[in-house]
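A.B. asks: here you go, sequence then predicted model.
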Amino acid sequence: MRLIDLQIEGLNEQELARVEDILRGLIESGGLFGVKSGQTIIHFDKYGTFMGIELAYWPWRNRNV
């Protein structure tokens with residue numbers, strides 16, 4: 001396991017925890033590096049609370065057509 005050290009100024013502890021949750025979700029779901037020719041959609045509720053990650057891609061398609 002590697003450690004990633006980000007230095008972000010101007011955020012409080014609660015905001016840093018939100019960033020950590022979003023980045024962890026993106027990496028664990030494959031949404032950051034695993035989607036090719038598709039979309040990674042980050043969902044928030046009406047209060048701005050991170051709710052989840054949606055991946056929209058074609059895992060296989062016939063490219064000869």
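C.D. replies: Thanks, I have the structure now. The structure presented is a predicted model; accordingly, all values stated were derived computationally and were not measured.
A.B. asks: element containing the most centrally placed residue in the chain, please.
C.D. replies: Against the mean C-alpha coordinate of the chain, by C-alpha atoms, centre = their mean, the closest residue is L26 at 2.7 Å. Using DSSP states H and E, L26 falls within helix 13-29.
A.B. asks: run through who's touching that helix.
C.D. replies: L6, I8, L11, G31, L32, F33, T40, I42, F50, G52, I53, L55 (C-beta atoms under 8 Å, 6 or more residues apart in numbering). In short, each C-beta sits where N, CA and C put it, glycine included.
A.B. asks: quick one: which two of those residues are the most distant?
C.D. replies: L11 and L55 (26.8 Å; C-beta to C-beta).
A.B. asks: wait, what's in contact with F50?
C.D. replies: By C-beta under 8 Å, 6+ apart, the neighbours of F50 are R18, D21, I22, G25, I42, H43, F44.
A.B. asks: related to what we said a few turns ago, narrow the contacts of helix 13-29 to those in strands?
C.D. replies: Among the contacts of helix 13-29, DSSP state E puts T40, I42, F50, G52, I53, L55 in strands.
A.B. asks: please name the bridge partners of the fifth one.
C.D. replies: Judged by DSSP bridges, the bridge partners of I53 are I42.
A.B. asks: pretty sure it is touching F44, no?
C.D. replies: No. The criterion here is C-beta atoms under 8 Å, and I53 misses it with F44 at 10.9 Å.
A.B. asks: between the two, which has more neighbouring residues?
C.D. replies: Between I53 and F44, counted using other C-beta atoms under 10 Å, the more crowded position is I53 (17 against 12).
A.B. asks: starting at the chain centroid, how far to the helix or strand of the chain with the lowest mean pLDDT?
C.D. replies: Least confident element among the helices and strands of the chain, by mean pLDDT, DSSP states H and E: helix 13-29 (a mean of 94). Here helix 13-29 is found 8 Å from its chain centre; the criterion is C-alpha atoms, centre = their mean, to the nearest Å.
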